[in-house]
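> what shape does this take:
(chains A, B, C and D)
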Protein chains: 2
Amino acid sequence: MGTDTRTQILDIAERLLQQRGYNAFSYQDIADELGIRKASLHYHFATKAALGAAIAVRHGARVGAALQHIDGLDISIWQRLDLFFEPFLMLAKSCNLMCVGGVLAAESSTLPVSMQTHMGAFFTRIHAWLTQTLEAGRADGHLTFDVDPAVKANTIIATLEGLILISKAHSSTDFIDPVIADIKASLGA
Amino acid sequence: MGTDTRTQILDIAERLLQQRGYNAFSYQDIADELGIRKASLHYHFATKAALGAAIAVRHGARVGAALQHIDGLDISIWQRLDLFFEPFLMLAKSCNLMCVGGVLAAESSTLPVSMQTHMGAFFTRIHAWLTQTLEAGRADGHLTFDVDPAVKANTIIATLEGLILISKAHSSTDFIDPVIADIKASLGA
DNA sequence: GTCTATAAGATGATAGAC
DNA sequence: GTCTATCATCTTATAGAC
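Numbering: from 1, shown residues only, chains lettered A, B, ... in the order given. Prediction:
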């Protein structure tokens, strides 16, 4: 693979972040997995805070691109929502990975300020996108719900984040699809 | 105050757990706050894993007692649900405290096995209680919803846990009450 | 029950050779 | 870019005096 070391470090660190949280992985863990010494990591990311911020930035950019991509597709509102739900579903069904945004929110008070800032921007962005998508879906008659679209967006994001969280507490994953169906039903499915 | 040291340690540790997570507080933090040396803490809790398990056990017992207490009251189903929602709402509005169950779920993979076990039992218990409460409410005609009560219970618990999570990402708490209203609307309010 | 003292290991981080 | 070597600090935990 021609992937550069910096990207490999980001990939490993991001996965460790999702598996354990920011406070429970170390440079040593990354070094072991990558097969280099931990001191070498500091050449690519001077501090752990810088590495954490880089993960948050990249994740934010990816999510932004994914939302833009959905906007560019000529598909139904329900397909749009399915594409939005998909990554949350995958994480919930994995049972051992947190959402990057969710884990940063959970550990928020212990994180470097720059990570907190990126985390806040991340949630602001997906909330804005979902609000606007729900609003458009209702305006053209495909969705039916009574509350403010901004409120419904918060309800849905909370439910998706919580779903990932409680998937770690349940031994089965059977409950996940029905909850998604329940969310869709609240939109008139 | 006549509170014994063991209880004081549990109280401080529980709050630190909610503020920072299990991996981001230390015996030193507790010792500083309590005004004794950290070595003394080991007299009360030999290991951090034992302390963590004790927090989980006490929390489970408290939640169990609270649910039993609600069951013993002669109140409406809506009042019952409000009492159930209340602690989640308080945590969400605090913006800097996680739910004990939620933080254990988020950090699950990094926790001592005994803590994982108690966390699982905790969620099983509140899910069973909410399922049964929703079922009874629908049977006597006060609640109206179409899905399996066990599914609706999962949707609600996920939404409440997610609400606490995303409250750390938003700068305002105004969105919380509307989401709760949205949950109630899904039950026929 | 709490103290002092100490251990053994991990952590993020730096200096300087190659 | 990666290495060895080292650092100061923090972590959980133990031994033994009071």
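
> check contacts around the closest residue in space to residue A:51 that isn't next to it in sequence.
Among residues not flanking residue A:51 along the chain, residue A:45 sits closest, at 3.9 Å (CB to CB, 6 or more residues apart in numbering or on different chains). Glycine gets a C-beta too; all of them are placed from N, C-alpha and C. Listed by CB atoms under 8 Å, 6 or more residues apart in numbering or on different chains, the contact partners of residue A:45 are A:6, A:9, A:51, A:54.

> quick one: buried ones out of the residues you listed?
A:9, A:51, A:54 (16 or more other CB atoms under 10 Å in any protein chain shown).

> chain B: which of those residues is nearest?
Minimum distance to chain B across the buried ones among the contacts of residue A:45 is 17.1 Å, recorded for residue A:51 (CB to the nearest CB).

> helix/strand/coil for that closest one?
helix (DSSP: H, G, I helix; E, B strand; the rest coil).

> wait, doesn't it sit right on residue A:9?
Yes - with contact defined as CB atoms under 8 Å, residue A:51 and residue A:9 form a contacting pair (7.3 Å).

> before we move on, the earlier item: okay if I get the buried ones among the contacts of residue A:45 as TSV plus pLDDT and distance to DNA strand C?
Compiled in TSV, those are given as follows (pLDDT from 0 to 100; distance: CB to the nearest atom of the strand, whole Å):
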residue	pLDDT	distance to DNA strand C
A:9	98	13
A:51	98	7
A:54	98	12
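
> could I get those as TSV with distance to residue B:99?
Formatted as TSV, those follow (distance: CB to CB, whole Å):
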residue	distance to residue B:99
A:9	33
A:51	29
A:54	30
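
> thinking again about what came up before, of all the contacts of residue A:45, which two lie farthest apart?
Greatest spatial distance among those (CB to CB): A:6 and A:51, at 10.0 Å.

> please enumerate the shared neighbours of residue A:51 and residue A:9.
Contacts common to residue A:51 and residue A:9, judged by CB under 8 Å, 6+ apart, are A:41, A:45.

> the residue nearest to residue A:51 and DNA strand C, how far apart?
As for residue A:45, its distance to DNA strand C is 8 Å (criterion: CB to the nearest atom of the strand, to the nearest Å).

> what are the ranges of the helices in chain A?
A:5-20, A:27-34, A:38-44, A:48-72, A:77-94, A:100-106, A:113-139, A:149-167, A:176-185 (DSSP state H).

> and the angle from the first one to helix A:48-72?
Here helix A:5-20 points in a direction 90 degrees away from that of helix A:48-72 (axes from the mean of the first three to the mean of the last three CA atoms, to 10 degrees).

> what lies in contact with helix A:5-20?
So helix A:5-20 is contacted by A:3, A:25, A:29-30, A:33-34, A:36, A:41, A:44-45, A:51-52, A:54-55, A:58-59, A:91, A:96-100, A:103, B:107, B:109-110 (CB under 8 Å, 6+ apart).

> mind redoing it with 6 Å?
A:25, A:29, A:30, A:33, A:44, A:51, A:55, A:97, A:98, B:109, B:110 (CB atoms under 6 Å, 6 or more residues apart in numbering or on different chains).

> restrict those to contacts with DNA strand D.
With CB under 7 Å from any atom of the strand as the criterion, the contacts of helix A:5-20 include residue A:44 near DNA strand D.

> can I get the CA coordinates of stretch A:181-188 in PDB?
C-alpha atoms of stretch A:181-188 as PDB (Å, rounded to 0.1, in the frame of the first residue of the first chain):
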ATOM      1  CA  ALA A 181     -38.300   1.700  11.600                       C
ATOM      2  CA  ASP A 182     -39.800   3.500  14.600                       C
ATOM      3  CA  ILE A 183     -37.900   6.700  13.700                       C
ATOM      4  CA  LYS A 184     -39.100   6.400  10.100                       C
ATOM      5  CA  ALA A 185     -42.700   5.800  11.300                       C
ATOM      6  CA  SER A 186     -42.500   9.100  13.200                       C
ATOM      7  CA  LEU A 187     -41.800  10.800   9.800                       C
ATOM      8  CA  GLY A 188     -44.800   9.200   8.200                       C
END
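
> show me which residues of chain A are close to chain B?
A:19-21, A:23-24, A:96, A:102, A:105-110, A:119-120, A:123, A:147, A:151, A:154-155, A:158-159, A:161-163, A:165-166, A:168-169, A:175, A:178-179, A:182, A:186 (CB under 6 Å from any CB of the partner chain).
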